[in-house]
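1. Test case, fold it:
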Amino acid sequence: MMSEHPRELIRDLLDGTISDEDLQAIQRAPKDPGRRETVIELEQERVDWDDPIVVCLQEALYVVRKGPGEYVTKCRCGHEFGDAARNWKDSAAVIEREGETEYFVGPRAADPDWMVLREFYCPGCATRLDVEVVPPGYPFIHNFEPVLPDD
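-> Sure, this is the predicted structure:
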């Protein structure tokens, strides 16, 4: 299914170079049923590997098909985090810092003595992939577990 929006416009959206007017037009339009396929095609063009992207988890992080019924989480650089059913953060490089008050201000500020800031990086390219603020000792948050096709 083709996207109702031109590929160039979706590319600008992914690159962060879209104009405010075009962004608002996309946001105000009915959901575009072909956009998912267009985004996956554009993301596939950006990477240097051939494994087909099945799901874009977030910027620079994908679920790819390695073979029939075999899916892994993979960074844009090509580093593989393992089985897509597992939490990719378990295989990431992690920096954990004690909470700092400058991240949370105002009446809803978290108590820095009761939180840690975790940054998750790709071991292959050092791209920061996620950040979470949690109580000390809290397990890694599994943000998203996609439903994958049974081949």
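2. and residue 149, helix, strand or coil?
-> Using DSSP: H, G, I helix; E, B strand; the rest coil, the structure places residue 149 in coil.
3. what's the nearest residue to it once chain neighbours are set aside sitting at in phi/psi?
-> Counting by C-beta to C-beta, 6 or more residues apart in numbering, residue 149 lies nearest to residue 54, which is 7.8 Å off, once chain neighbours are set aside. All C-beta spots, glycine's among them, are computed from the backbone N, C-alpha and C. Geometry field for residue 54 lists phi and psi as phi -100, psi -40, criterion degrees, to the nearest 10.
4. what sits against residue 54?
-> By C-beta atoms under 8 Å, 6 or more residues apart in numbering, the contact set of residue 54 is 40, 62-65, 71, 146, 148-149.
5. Can you tell me what sits against the top helix by length along the chain?
-> The longest helix of the chain (DSSP state H) is helix 35-46. Applying C-beta under 8 Å, 6+ apart, the external contacts of helix 35-46 come out as 1-5, 7, 10-11, 14, 52-54, 56, 62, 76.
6. Check for me that residue 4 belongs to a helix.
-> No - with three-state DSSP as the criterion, residue 4 is assigned coil and is not in a helix.
7. With adjacent residues omitted, what lies nearest to it?
-> residue 32 (4.8 Å).
8. Low-confidence stretches in this protein?
-> 1-3, 99-105, 108, 110, 151 (pLDDT under 70).
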